[in-house]
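# I would like to see how this sequence folds:
(chains A and B)
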Amino acid sequence: MKLLTAEESMKTCVRCGACRNVCPTLNITGREADGPRGRVLMARSLIEGNIPVNQEIKEQLDRCLLCSACVDACPIDVQVPDIVMLAKERIAAETETAAKTDIKKPAYPERTFKDYFFDHVLANQKRLNTVGNLLWFYQKSGLQTVTRGLGILKFFPEQMRQMERITPAILPPSRRKHHPEFTPSAYEEKEPRGRAAFFHGCIMDVMFRETNDNSIKLLSKTGFDVVTPNAQVCCGALHHHSGKKDKAIELAKANIQAFEEENVDYIITNAGGCGSALAEYADLFRDDLHWLERAKAFSAKIRDISEIIYEKGEMPAAAGRGERVTYQPSCHLQYVMKVKDAPAKLVKQISNSEYVDLPEKKYCCGSAGIYNLLQPKLANEILDKKMSRVKETESAVLITANPGCFLQMKLGVYREGMEDQIETKHVADYLMESIERAESAGKQ
Amino acid sequence: MNETMAPPPLNENVLSRLRSIFGEDRLLTNSTDMMTYSYDASFETQLRPKNPQAAVIALSTEEVSECVKLANEFKIPVYPRGAATGQTGGAVPVKGGIMLDLSKMNRILEIDHRNMQAVIEPGVIQNDLNEALKPYGLRFPPDPGSANMCTVGGMVSNNSSGLRAVKYGVTRHYVLGMEVVLPTGDIIVTGGAKSKALKSVSGYDLAHLMIGSEGTLGIVTRLRLKLLPLPVTRGIVLCSFERLEEAGEAVNAVFSSGLQPSAIEIMDFNCTKAVNMMKPELSLPLNNEAILVFEVDGAREEVTSQVNRLKAVVEKFTNYIKFSDEPEECEKLWQARKLVGAAVGLLKPGGFRVYGGEDICVPISKLPETLREIHNIADRYGIICGIYGHVGDGNMHTGPVVNMNNQLEMENVQKMIDDIHELAIRMEGTTTAEHGVGIVRAKYMDVEHGAAMEVMRAIKKTLDPNNILNPGKMALPN
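Numbers count the residues shown, from 1 in each chain, chains lettered A, B, ... in the order given. As a prediction, the model looks like this:
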């Protein structure tokens, strides 16, 4: 659990500047207000009532990616994203209650849609699956081809059009049934490396079902007995980050309960964003001692899939196709879960493929939820800079470790017109493919 | 948080000329931007922020020169700024005016490894430069604690240094030449306009007049730096002393044995306590007055033999000793010293670590006496503090910890800071060894320098007749 609340933490910043050189937005613009120190001061001034809520402060704070690189660099862990979030909550609250400010209220249908989506779709795997079915139908029925052909998409903002292009192919409903509740370690003759529960995520399990299937296979191949509890629900990160703390708590309790019953050594995620939310469950229960202890025990078991395989598992033989590979870390993974280079270390173990370090991999890729839609100009500048670094590596495969990063990198590759030169892959998919390649070569 | 009144915006004529130099995106005037240019890392600017009237982000020497010319024409103050990681308010706009942000002028222009030098822009971060030099087996040695975030331009303007100054000296020793925009907007190159020489006594040494002038005489826009080879490996000896005097004797004994450590760091009992609170697994001995950490560097065999010699010299003064010449183990031993700056804040629940009286330097022989005297001062005001620093050159960082909401403590800590600076001068030392003067130490300048202060003021007046460049600092004319 974090030592201090956001409100306590903002008062501890001595403005030493240790955060300056890791901030992706400051790196682009050089403007102090685009850096963590400036943001803490602006947010604190707003929270303490020294500056008014208006469009200017809202726009300044909206430019933060909430990537947490600054927290990692801070000698005293000032919780910049939490502080910025708290200020944004105050802005939202004031906007809701007072018409006297000059911030435009979000349109009514937009709010209703958001509330419905967060409370009833994300939090309900069945409904989310239905959305997945619709998307699958859109992609497979020819409707996608029709809309693209008719140019209907040109009526949408550029960012939306780009996102439509990079949405992954959804698996058909027949291949998105329940995961097996138990998958034994593939090491038949040896003791398993531990009993691991797999957290499949909400959107992840619909949009990236194949990656989830591969993750379970990979855990088994590297020596873990895997259970996938059916009672698990969405991690609640999006709810928490948009001020719906009650819903976040409700989801957290459901997950804690679901995983407690499985009696496992580890709870594994393959999405840095979910993993860091699960690892921080204790912060939701500061005032609830009974649940606090359970949350702490739950969070202590959270591991990223790469981390656990690197530390406790045993990678079987894996082979590439002679390609060069690079890795763009997930910010939540490297800065919140503190898993800095496990994915790269695993990729290095693959024969017949060459790993190269991505220069400036410390900077966020600019994905950060709906940042693309809110800050199109800055988001594109961040992405363009990232892609120029990717190109320097001359890699054919770009590894990611979080679905948001995956989509953003795919978007970057698409924008560069390099879709036939660079393949974007989740680390679990790349590892599993390489293992299967080595296996089939072994059989021949 | 206290708020000062924001100065009025600049007139539209000046703003439109600034817009034509920097474009719409790099001229900032809105109130939240002004707020974020009101501080550096000093305690003073936390209490009393100082807003500019406009901020500009420069990308080239020409832009800097145009901006300064404009400011000189309209007699508007200009405040050059790197990363604003200073402890003295040196880069804040005390008189409104234009904040000139140089942090985006951050290109490494040339690494001339055969001639052991590099040409860079002032906004390059110290660590980024060293990362870029690594493949060539070279480095830029000055190593302030802020190496991860401070700009080399800022280091030059403050003549900064760090814990390895005891062996490698300060920033001044590594500047061969520089391009400077003068307060008139004219551009000069010091150290020979086209020179690549590693040594030169040709003419007045203008570069060295600019170094440490804290942006009051000119704005550095390009630097030619001298480089050294990377040390192959390092070794550490950490030892603890029952009494401060024994630590002092140990340092003397090391120097007179002919050893030249690359760093000698001291931590007092409060720092030891704080580090143990932050990292209990380090379990440093608690009942002693001081810990010393020696570092040696060089080729592998040299380091092993230096570590053994060092150990033999200090053994008779200490009751606790740990050492290593293995990189991983060294890293662990070094951790105690690395953490101390952040850890001292833990000495008091809800405490805030104040940077004040944090940079005095006294002759090595007076170190034990000075350390005791600082604790006496702190006790007199009822303030808890940890003292650590670079004992090899007598430079000590005092970290008082206060509760920001306690008015009496806030007043007392200011008195304590004044007393520490006075103590430094009494001990035949200086008020600042590496952080600089800025606004926070301006009041001690006349006492410290006497008649020499008038010469400094005359130099300032000659180069900057309209007093537009970083005015209100270093006790120069107002």
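# got the domain boundaries for the chain?
In the absence of a named chain, chain A is used. If you go by automatic domain parsing, the domain ranges for chain A are A:6-97, A:108-168, A:174-310, A:317-443.
# ah, no, chain B please
B:12-101, B:108-229, B:233-426.
# these two touch, right, A:Asp225 and A:Glu188?
No. If you go by CB atoms under 8 Å, A:Asp225 and A:Glu188 don't touch, sitting 11.8 Å apart. No exception for glycine: its C-beta is placed from N, CA and C like everyone else's.
# more crowded one of these two?
Neighbours per residue (other CB atoms under 10 Å in any protein chain shown) separate A:Asp225 from A:Glu188, with A:Asp225 holding more: 19 against 6.
# I'd like the distance from the more buried one to A:Pro184, if you could.
5 Å (CB to CB, to the nearest Å).
# hey, what's in contact with both of these two?
A:Pro192 (CB atoms under 8 Å, 6 or more residues apart in numbering or on different chains).
# Of all the domains of chain B, which one comes closest to A:Lys245?
domain B:233-426 (25.8 Å; CB to CB).
# Could I get the average pLDDT for the closest one?
The average pLDDT within domain B:233-426 is 92.
# and that domain with chain A, contact?
Yes. Judged by CB under 8 Å from any CB of the partner chain, domain B:233-426 comes into contact with chain A at B:Gly341, B:Ala342, B:Gly345, B:Phe352, B:Arg353, B:Tyr355, B:Met404.
# of all those residues, which comes closest to A:Met387?
B:Ala342 (36.0 Å).
# The closest one in helix, strand or coil?
The assignment at B:Ala342 comes out as helix when based on DSSP: H, G, I helix; E, B strand; the rest coil.
# tally of neighbours for the residue nearest to it when sequence neighbours are not counted?
What sits nearest to B:Ala342 in space, not counting adjacent residues and going by CB to CB, 6 or more residues apart in numbering or on different chains, is A:Pro75, at 3.8 Å. A:Pro75 has 17 neighbouring residues, counting by other CB under 10 Å.
# Now A:Pro75. Its backbone dihedrals?
phi -60, psi -20 (degrees, to the nearest 10).
# so it sits right up against B:Val344, yeah?
No. Contact status for A:Pro75 versus B:Val344: not in contact, 11.1 Å apart, counting by CB under 8 Å.
# With mean pLDDT added, can I get the domains of chain A in a markdown table?
Formatted as a markdown table, the domains of chain A follow (pLDDT from 0 to 100):
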| stretch | mean pLDDT |
| --- | --- |
| domain A:6-97 | 93 |
| domain A:108-168 | 68 |
| domain A:174-310 | 92 |
| domain A:317-443 | 93 |
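# what residues does chain A put near chain B?
Counting by CB under 8 Å from any CB, chain A sits next to chain B at A:11-12, A:14-21, A:29-33, A:35, A:37-38, A:41-42, A:44-45, A:48, A:50-51, A:56-57, A:60, A:73, A:75-76.
# Show the buried residues in the residues you listed.
For the residues of chain A next to chain B, a burial check counting by 16 or more other CB atoms under 10 Å in any protein chain shown picks out A:11-12, A:14-21, A:29-33, A:35, A:37-38, A:41-42, A:44-45, A:51, A:56-57, A:60, A:73, A:75-76.
# Adding secondary structure and neighbour count, write the residues of domain B:233-426 next to chain A out as CSV.
Formatted as CSV, the residues of domain B:233-426 next to chain A follow (DSSP: H, G, I helix; E, B strand; the rest coil; neighbours: other CB atoms under 10 Å in any protein chain shown):
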residue, secondary structure, neighbour count
B:Gly341, helix, 23
B:Ala342, helix, 20
B:Gly345, helix, 21
B:Phe352, strand, 20
B:Arg353, strand, 25
B:Tyr355, coil, 24
B:Met404, coil, 17
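# Show me which of these is closest to B:Pro77.
Using CB to CB, the residues of domain B:233-426 next to chain A come closest to B:Pro77 at B:Tyr355, 24.6 Å.
# For the nearest residue to that closest one once chain neighbours are set aside, list the residues it contacts.
Setting aside the residues directly before and after it, B:Tyr355 is nearest to B:Gln87 in space (CB to CB, 6+ apart), at 4.7 Å. By CB under 8 Å, 6+ apart, B:Gln87 lies in contact with B:Asp40, B:Ala41, B:Ser42, B:Phe43, B:Tyr355, B:Glu358, B:Asp359, B:His435, B:Gly436, B:Gly438, B:Val440.
# So B:Gln87 versus B:Thr216, what's the distance?
Taking CB to CB, one finds B:Gln87 at 17 Å from B:Thr216.
# And A:Lys88, by the same measure?
Taken as CB to CB, the span from A:Lys88 to B:Thr216 is 41 Å.
# which of the domains of chain B sits most buried?
Ranked by mean neighbour count, the domains of chain B are led by domain B:12-101 with a mean of 22 (mean count of other CB atoms under 10 Å in any protein chain shown).
# mean confidence score for that one?
Mean predicted lDDT for domain B:12-101 stands at 96.
# Tell me the gap between it and the middle of its chain.
Relative to the mean C-alpha coordinate of its chain, domain B:12-101 is positioned 21 Å out (CA atoms, centre = their mean, to the nearest Å).
# Between its first and last residues, how far does it reach?
21 Å (CA to CA, to the nearest Å).
# tell me the secondary structure for B:Ile264?
Judged by three-state DSSP, the three-state class of B:Ile264 is strand.
# which residues of the stretch 201-350 of chain A fall in strands?
A:224-227, A:266-269, A:302-304, A:324-327 (DSSP state E, counting those that start in this stretch).
# can you redo those strands as CSV with distance to A:Val390?
Output for those, formatted as CSV (distance: least, CB to CB, whole Å):
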stretch, distance to A:Val390
strand A:224-227, 32
strand A:266-269, 25
strand A:302-304, 22
strand A:324-327, 7
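# sorry, back to before: export the domains of chain A as CSV, with columns for distance to B:Thr171.
Listed next are those as CSV, based on distance: least, CB to CB, whole Å:
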stretch, distance to B:Thr171
domain A:6-97, 18
domain A:108-168, 46
domain A:174-310, 40
domain A:317-443, 26
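# And the residue in the stretch 351-478 of chain B that chain A sits nearest to, how close does it get to B:Tyr388?
Residue nearest to chain A within the stretch 351-478 of chain B: B:Arg353 (6.7 Å; CB to the nearest CB). As judged by CB to CB, B:Arg353 and B:Tyr388 stand 12 Å apart.
# before we move on, the earlier item: among the contacts of B:Gln87, which lie within helices?
B:Phe43 (DSSP state H).
# Nearest to B:Ala91, out of the contacts of B:Gln87: which one, please.
B:Asp40 (5.2 Å).
# who's in contact with the residue of the stretch 51-200 of chain A found nearest chain B?
The nearest approach of the stretch 51-200 of chain A to chain B comes at A:Pro75, 3.8 Å away (CB to the nearest CB). A:Pro75 makes contact with A:Cys16, A:Ala18, B:Gly341, B:Ala342 under the criterion CB under 8 Å, 6+ apart.
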